[in-house]
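**Student:** My questions concern the predicted model and sequence given below.
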Amino acid sequence: MPRLFTALELPSDIAFSLSLLRGGLPGARWIDPENYHITLRFIGDVDHRTANEVAGTLAQVSRPGFELSLSGLGTFGGRKPHSVWAGVSAGDKLRELQADLERRLQRLGLDPDRRKFSPHVTLARLKTASQGDVAAYLALRGDFRTPPFEVGRFVLLSSRDSRGGGPYIMEEAYPLAA
């Protein structure tokens with residue numbers, strides 16, 4: 001049974017810039033740069049018939065390409081931070097693409113995603129990092145920014161049941177209009 005999600009890939013130069021942020025945070029388990037992505041919609045564990053239906057409906061998406069950039073760092077988890085992320089400067093075209101995917105997947109009978117769409121790139125998982133260490137890390141690196149980059153496609157990825165961070169397998173790629 002595949003575990004699926006849709007995502008945007010990052011250009012290699014952007015992934016390299018993100019990789020330079022690794023280190024300096026005790027208790028962090030860093031994501032490998034080849035596994036950096038921006039999740040559009042987590043689908044979850046589905047049977048093979050549903051996986052084929054998902055792939056088919058995603059092939060019908062017709063949206064324009066767009067530019068994105070990354071800006072700032074933050075954490076999820078409040079007082080008990082559990083991950084460090086790089087923010088995405090999201091425009092209307094990204095949000096429209098994500099909403100289109102959400103609608104199409106719900107039409108297949110998949111449950112709506114309960115989490116509000118918050119585009120980001122996960123950099124590290126945290127288990128034992130202290131609030132103080134996380135605050136110090138963010139104070140030193142929180143002004144991270146990338147130049148804009150073109151988004152020309154989205155992908156359907158699968159993962160095995162793991163503790164986050166990959167490895168991911170690209171099942172399909174879906175081009176966006178020029």
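**Tutor:** Ah, there it is. Residues are numbered from 1 along each chain as shown.
**Student:** which residues sit in contact with Phe144?
**Tutor:** Going by CB atoms under 8 Å, 6 or more residues apart in numbering, Phe144 touches 17, 21, 70-73, 86. Placement of C-beta: from N, CA and C, glycine included.
**Student:** Can you tell me how far Asp47 is from Ala15?
**Tutor:** Distance check for Asp47 against Ala15: by CB to CB, to the nearest Å, it reads 32 Å.
**Student:** who has more neighbours, these two?
**Tutor:** More neighbours surround Ala15 than the other of Asp47 and Ala15, with 17 against 10 (other CB atoms under 10 Å).
**Student:** The helix ranked longest in the chain packs against which elements?
**Tutor:** Longest helix in the chain, counting residues (DSSP state H): helix 92-107. Counting contacts by 3 or more CB pairs under 8 Å, 6 or more residues apart in numbering; DSSP states H and E, helix 92-107 packs against strand 38-45, helix 48-58, strand 66-76.
**Student:** Which helix or strand lies directly C-terminal to it?
**Tutor:** strand 120-126 (DSSP states H and E).
**Student:** Pull the distance from the helix or strand just after that next one to the chain's centre.
**Tutor:** Note on strand 120-126: by DSSP H and E, the next helix or strand toward the C-terminus is helix 131-141. Computed by CA atoms, centre = their mean, to the nearest Å, the separation of helix 131-141 from the middle of its chain amounts to 22 Å.
**Student:** buried residues in helix 131-141?
**Tutor:** 133-134, 137-138, 141 (16 or more other CB atoms under 10 Å).
**Student:** That one: what's the following helix or strand?
**Tutor:** Defined by DSSP H and E, the subsequent element after helix 131-141 is strand 149-151.
**Student:** how near is the closest residue to Arg107 other than its chain neighbours to Leu108?
**Tutor:** Of all residues not flanking Arg107 in the chain, Thr57 sits nearest, at 7.3 Å (CB to CB, 6 or more residues apart in numbering). Between Thr57 and Leu108 the computed distance is 6 Å (CB to CB).
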